[in-house]
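Could you work out the structure for the sequence below:
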Amino acid sequence: MQLARDVKTLIEWLNHDVLQLAGPSYAERIELYDFIVAELQQREHLGGKQIRVLRKP
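This is a model prediction of the structure:
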């Protein structure tokens, strides 16, 4: 269940802090995006394809 909570939190950050029109500066968004992608990559071995699909365009 920890994996599900972690992924949910990361996706919420992506939606609220990276993709929202109002929010951090572009540079901060890029930094946050890179952090989120790295965190998802670290969890791929636990969640496999489902996490990889979230991470890849």
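
From now on I want contacts and neighbour counts done on CA atoms only, so please keep to that.
OK.

Not counting its neighbours along the chain, what's nearest residue 29?
Excluding its sequence neighbours, the residue lying closest to residue 29 (Cα to Cα, 6 or more residues apart in numbering) is residue 18, at 5.1 Å.

Pull the contacting residues for that neighbour.
By Cα atoms under 8 Å, 6 or more residues apart in numbering, the contact set of residue 18 is 24, 29, 30, 32, 33.

Settle this for me: the last one is touching residue 16, isn't it.
No - when contacts are counted by Cα atoms under 8 Å, residue 33 is not listed as touching residue 16 (11.4 Å).

These two - which one has more neighbours?
In this view residue 33 and residue 16 are compared by other Cα atoms under 10 Å, and residue 33 has more residues nearby, 18 against 14.

Over to the residue most central in space within the chain. Which of the three states is it?
In the chain, the residue lying closest to the centroid (Cα atoms, centre = their mean) is residue 36, at 3.5 Å. Applying DSSP: H, G, I helix; E, B strand; the rest coil to residue 36 yields a three-state assignment of helix.

my guess is it contacts residue 12, does it?
No - counting by Cα under 8 Å, residue 36 sits too far from residue 12 to count as a contact (10.2 Å).

related to what we said a few turns ago, which among the contacts of residue 18 end up buried?
For the contacts of residue 18, a burial check counting by 16 or more other Cα atoms under 10 Å picks out 29, 32, 33.

Give me the phi and psi for the residue of the chain most remote from its centre.
Most distant residue from the mean C-alpha position of the chain: residue 22, 18.1 Å away (Cα atoms, centre = their mean). Main-chain dihedrals, residue 22, degrees, to the nearest 10: phi -90, psi 140.

and the helix or strand where residue 45 lies, what does it pack onto?
Using DSSP states H and E, residue 45 falls within helix 26-47. Secondary-structure packing of helix 26-47 (3 or more Cα pairs under 8 Å, 6 or more residues apart in numbering; DSSP states H and E): helix 2-13, helix 49-55.

Contact partners for residue 10?
The contact partners of residue 10, by Cα under 8 Å, 6+ apart, come to 36, 39, 40.

Kindly reformat those residues as TSV containing pLDDT.
What follows is these, written out as TSV (pLDDT from 0 to 100):
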residue	pLDDT
36	94
39	91
40	89
